[in-house]
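Peer 1: Give the three-dimensional model of this entry:
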Amino acid sequence: MAGLPLGTYVPALLIALFLALMTFALLRSRKNQHEAWKGLAARHDWTFSETPGAMEVQGLHQGRQLSLLTEKRGAGKHRHHVTVLRLDLGDVLGRDLVLEPEGLGDRFLKLFGRRDEETGDAELDAALDLKRVSPEVRALLRAPEVGRRLLALREQAASFSIVAGMLEVEHHGIPETLGALEARVAPALELADALSTARQQLRGRTSG
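Peer 2: Okay, here's the model as predicted:
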């Protein structure tokens with residue numbers, strides 16, 4: 001009895017090879033992610049934990065709680081991973097401020113006279129949607145370095161907000177290298193540092 005022609009097996013072999021390559025790439029990606037997140041924790045003296053399908057780094061910055069973790073968004077073919085950073089800013093901006101990037105809906109409402117609160121800085125006011133801004137917080141947001149850091153987050157992050165003193169920054173995807181992970185974390189830390197410095201300077205001028 002004659003065997004099947006070799007060509008009969010080719011499609012199955014190609015599919016098997018493709019699946020093997022996909023599995024290898026996925027395993028390598030997860031290994032790289034694990035090493036990057038573990039390395040970030042070690043570099044900053046933070047803690048790293050991992051559960052099936054999720055990773056988290058926790059620690060302190062300026063004595064305030066910081067958390068960097070992976071989360072899932074969407075469902076079905078729209079399901080994707082994001083990296084979320086949450087940093088407690090303490091009382092530097094108070095607990096009343098609500099700060100978010102200005103969206104198309106906000107711009108549309110402005111056409112009909114609905115306006116959010118403003119800092120007095122045209123570039124910031126065009127980029128941010130603000131609620132419950134006290135005079136001291138307005139002065140902090142207008143500090144040049146603080147403004148630069150806020151605008152940088154507006155450009156770099158998929159979304160970000162400051163609500164009840166908590167900064168939350170979300171990026172699409174999960175970095176696979178330590179350098180890329182540091183680049184996700186740095187803007188938030190730089191904003192926190194800029195706010196702390198600006199408040200010290202503002203209080204120094206007031207007391208002087």
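
Peer 1: and the host helix or strand of residue 86, what does it pack onto?
Peer 2: Secondary-structure assignment from DSSP states H and E places residue 86 in strand 80-88. Packing partners of strand 80-88 (3 or more C-beta pairs under 8 Å, 6 or more residues apart in numbering; DSSP states H and E): strand 64-73, strand 166-172, helix 178-207. Yep, even glycine has a C-beta here, placed from its N, CA and C like the rest.

Peer 1: Would you mind listing the outside residues contacting stretch 180-191?
Peer 2: Outside stretch 180-191, the residues that touch it by C-beta atoms under 8 Å, 6 or more residues apart in numbering are 36-37, 39-40, 61, 68, 83, 85, 87, 146, 149-150, 152-153, 156-157, 167, 169, 171, 175.

Peer 1: Ignore what I typed, I meant stretch 39-47.
Peer 2: The contact list for stretch 39-47, computed with C-beta under 8 Å, 6+ apart, reads 48, 57, 58, 59, 60, 66, 68, 178, 181, 182, 185.

Peer 1: try it again with 7 Å
Peer 2: Among residues not part of stretch 39-47, those counted as contacts by C-beta atoms under 7 Å, 6 or more residues apart in numbering are 48, 57, 58, 59, 178, 181, 182.

Peer 1: for these, which one is nearest residue 119?
Peer 2: Sorting the contacts of stretch 39-47 by how near they are to residue 119, with C-beta to C-beta, puts residue 182 at the top with 29.4 Å.

Peer 1: So that closest one versus residue 28, what's the distance?
Peer 2: 21 Å (C-beta to C-beta, to the nearest Å).

Peer 1: For these two, indicate the residue with more neighbours.
Peer 2: Using other C-beta atoms under 10 Å as the criterion, residue 182 and residue 28 rank with residue 182 on top: 16 against 11.

Peer 1: where does that one land on pLDDT?
Peer 2: pLDDT recorded at residue 182 is 96.

Peer 1: In contact with residue 48, which residues?
Peer 2: Listed by C-beta under 7 Å, 6+ apart, the contact partners of residue 48 are 37, 38, 41, 57.

Peer 1: Buried ones among these?
Peer 2: In the contacts of residue 48, burial by neighbour count holds for 37, 41, 57, counting by 16 or more other C-beta atoms under 10 Å.

Peer 1: Spatially nearest residue to the first one, not counting backbone neighbours?
Peer 2: Nearest non-adjacent residue to residue 37, counting by C-beta to C-beta, 6 or more residues apart in numbering: residue 55, 4.9 Å away.

Peer 1: Check which helix or strand the one you found maps to.
Peer 2: For residue 55, the host element (DSSP H and E) is strand 54-61.

Peer 1: Using PDB, write out every CA atom in that strand.
Peer 2: Listed next in PDB are the C-alpha coordinates belonging to strand 54-61 (Å, rounded to 0.1, in the frame of the first residue of the first chain):
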ATOM      1  CA  ALA A  54      -0.500  39.700  36.500                       C
ATOM      2  CA  MET A  55       2.600  41.400  37.900                       C
ATOM      3  CA  GLU A  56       2.900  44.100  40.500                       C
ATOM      4  CA  VAL A  57       5.700  46.200  42.000                       C
ATOM      5  CA  GLN A  58       5.100  48.100  45.300                       C
ATOM      6  CA  GLY A  59       7.200  50.600  47.200                       C
ATOM      7  CA  LEU A  60       7.600  54.100  48.500                       C
ATOM      8  CA  HIS A  61       8.500  57.400  46.800                       C
END
